[in-house]
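> model the structure of this input:
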Amino acid sequence: MILGRTLARPLWPLLLAALALPAHADEAAEIRARLSGWATAFNARDAAAACDLFAPELRYTVPGVTEGTRETMCGNLAKAFLRTDLTLRYADPEILGIEASGDLAAVRLRWTLSSSLHGLPPETTVEEGLDVFRRQPDGDWRIVRFLAFSPASDAP
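Numbering: from 1, shown residues only. Prediction:
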């Protein structure tokens, strides 16, 4: 029996690691669903549903904004959605990578936005970013930090 215990002991870390793999896949799927849901809410001009992706403590940096908050983000979305002369549509994001550990996850992604002002030709904008998610007390993943930027056109 001692030999059996000795052989079995090194297998426990492998077994625990194998059991942990589906949880990571589940976390990634949950985060992907949250991001896709955000695009759906945005395209429906539903500010409340779009803002649900952001944690109360959200801080972000985008071109022209060094430290935005949830309040500024949600206020800007609400104003944009009221404009009848502006058409905005996000495609589901292209997920470039998700790294999750415990209740935190980092997501590298690329968004494509189509926009048009009535009377002008439509424009497409591509934006890359890094989002940091935290699982909230209600169990949902929400963004606590993000950085968005336009990809360099001269990148190697």
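> can you pull out the helices in this protein?
Along the chain, counting by DSSP state H, helices occupy 2-8, 11-43, 47-51, 70-82.
> show me what the last one is in contact with.
Looking back up the chat, that one is helix 70-82. 42, 45-47, 50-51, 54-58, 60, 65, 86, 88 (Cβ atoms under 8 Å, 6 or more residues apart in numbering). The C-beta positions use only the backbone N, C-alpha and C, and glycine is treated the same way.
> on that earlier part again, for the helices of the chain, which has the smallest mean pLDDT value?
Sorting the helices of the chain by mean pLDDT places helix 2-8 lowest, at a mean of 46.
> please tell me how far the residue nearest to residue 135 when sequence neighbours are not counted sits from residue 127.
Spatial nearest neighbour of residue 135, excluding adjacent residues (Cβ to Cβ, 6 or more residues apart in numbering): residue 103 at 4.1 Å. Computed as Cβ to Cβ, to the nearest Å, the residue 103 to residue 127 distance reads 26 Å.
> more crowded one of these two?
When residue 103 and residue 127 are compared for neighbours, residue 127 comes out ahead with 17 against 11, by other Cβ atoms under 10 Å.
> that one contacts residue 111, doesn't it?
Yes: proximity of residue 127 to residue 111 meets the contact threshold set by Cβ atoms under 8 Å, at 4.9 Å.
> any common contacting residues for the two?
With Cβ under 8 Å, 6+ apart as the test, residue 127 and residue 111 both reach residue 148.
> what is the neighbour count of residue 46?
Quick note: residue 46 (other Cβ under 10 Å) scores 14 neighbours.
> now it. Nearest residue, chain neighbours left out?
residue 81 (7.9 Å).
> try residue 105
residue 133 (4.4 Å).
> again with residue 150
residue 127 (6.0 Å).
> any idea which of the contacts of helix 70-82 the model trusts least?
residue 65 (83).
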